[in-house]
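# structure for the following, please:
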Amino acid sequence: MGIEGSVEVVRLTYMSRTTSLAEHPNRAAGMAQIRRQSQQLNRLYGLTGALLVGHDWFIQTLEGEPCAVFATFARINLDLRHQGIRLFEVASARGRLFPDWAMHVGRMEEVGPALLWQCGRAYRRLPQGGASLLLRALEESVHAA
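Numbering: from 1, shown residues only. Predicted coordinates:
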């Protein structure tokens, strides 16, 4: 994993609480649906990124052209599966952290419990550098895939 290429992109990283609408009677089917929908839209808009799905949380980073990233984040803000969306970082980046993933969708169980605890604490306090915790969790999930 690492930053690939030299094209400047925008990277947006956020965390949100899930609502009961995010629950699916069959968790594997629900994750497959999220993966399918996000990959299809992200390919269309030239986005890459990673998403962690838990019973209580979503952690996600989106990478791509600014207009596509911000339009996607606007749709996420209207998605009733999310509540309490906390934006951790919007930054220009030289290349993408997840260039091979239209959208990696992982489970919180793929990430170490200590790191998840730190992410939950960061959600409540929004510390400077909190985005790096979320990105570490996303990278752990990708490595577990």
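
# number of residues surrounding Tyr145?
Wrong residue type there; residue 145 is Ala, not Tyr. 10 (other Cβ atoms under 10 Å). Heads up, the C-betas are built off the backbone N, CA and C, glycines and all.

# pretty sure it sits against Val105.
No - assessed by Cβ atoms under 8 Å, Ala145 is found out of contact with Val105, at 9.3 Å.

# may I have the secondary structure class of His100?
Small correction: residue 100 is Asp, not His. Three-state call for Asp100 (DSSP: H, G, I helix; E, B strand; the rest coil): coil.

# what sits closest to the residue nearest in space to the middle of the chain if chain neighbours are left out?
Nearest to the geometric centre of the chain sits Gln60, at 1.1 Å (Cα atoms, centre = their mean). In space, and not counting its chain neighbours, Gln60 is closest to Leu51: 4.4 Å by Cβ to Cβ, 6 or more residues apart in numbering.

# that neighbour: what's it in contact with?
By Cβ atoms under 8 Å, 6 or more residues apart in numbering, Leu51 lies in contact with Ile34, Ser38, Phe58, Ile59, Gln60, Met103, His104, Val105, Gly106, Leu138.

# please enumerate the helices of the protein.
27-45, 66-78, 113-125, 130-144 (DSSP state H).

# what's the angle between the second one and helix 27-45?
Yep, that's helix 66-78 we're talking about. Interaxial angle of helix 66-78 relative to helix 27-45 (axes from the mean of the first three to the mean of the last three Cα atoms, to 10 degrees): 150 degrees.
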